[in-house]
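Q: give me a 3D structure for the following:
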Amino acid sequence: MLNFNLDKVSYQILALLQENSRISYTEIGKIVNLSSSSVIERIKKLEEAGIIAKYTININHKALNYNIVSIMMVSLSGIFSIQEKAFSETMMQFHQVIECLRITGTNDFLIKVITKSIEELKIVNDEVARFGQVNSSIVVYDFLEHKSIDIKKLMNCPEFFSK
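A: Residues are numbered from 1 along each chain as shown. Have a look, this model is predicted:
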């Protein structure tokens, strides 16, 4: 990773790409008042610095009938180092597990799961329960989901402009 100093134009480019990673260099240039070649160079530097990690799409899981979202809080039992490796490998086998976080506190892991049915959720839950105690909650609705920092909101923070 390169050391890269982010200025407001770079943040604007990141916000535009975050909103639509398929936006053209020309369109970005018009918005931030740079030539296409300057935009290309900035984006290349952002990639080389590791600030832009990848380009991806968001898939609407509900459109694929994965309508049940649940959160599982897991506390492993047994020898943690052995359990953790086996647990992690098992979680990677489930396409329904879309996020798995090692956490501090009374639980060891937080898992986000999407399923098409309660029966499918039970299968995942039962497999997770082989490793220890599981507390599952079904998400009623989600109103905020970001996969990374929201650049537009960051740019609206008062401390952003004091830099």
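Q: what about the closest residue to residue 77 other than its chain neighbours, neighbour count?
A: In space, and not counting its chain neighbours, residue 77 is closest to residue 132: 4.1 Å by CB to CB, 6 or more residues apart in numbering. For glycine as for every other residue, the C-beta is placed from the backbone atoms N, C-alpha and C. Neighbour count for residue 132, taken as other CB atoms under 10 Å: 17.
Q: ok, now which ones touch residue 132?
A: Residues counted as contacts of residue 132 (CB atoms under 8 Å, 6 or more residues apart in numbering) are 74-78, 83, 108.
Q: for it, give its distance to residue 97.
A: 16 Å (CB to CB, to the nearest Å).
Q: what's the answer for residue 33, then?
A: To residue 97, residue 33 is 44 Å away according to CB to CB.
Q: higher neighbour count, those two?
A: Neighbour tally, residue 33 and residue 97, criterion other CB under 10 Å: the higher count belongs to residue 97, 18 against 9.
Q: pretty sure the more buried one sits against residue 127.
A: No: look at residue 97 against residue 127 with CB atoms under 8 Å: they stay out of range, at 9.8 Å.
Q: where does pLDDT dip in this protein?
A: Scanning the chain with the threshold set as pLDDT under 70 gives 1-4, 146, 158-163.
Q: can you list the domains in it?
A: Domains of the chain are assigned by automatic domain parsing as 8-57, 61-138.
Q: in ChimeraX, how would I select just the buried ones from the contacts of residue 132?
A: Buried members of the contacts of residue 132, defined by 16 or more other CB atoms under 10 Å, are picked up in ChimeraX with:
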select :74,76,83,108
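Q: would you point out the most distant pair within the contacts of residue 132?
A: With distances taken as CB to CB, the most widely separated pair in the contacts of residue 132 is 74 and 78, at 12.8 Å.
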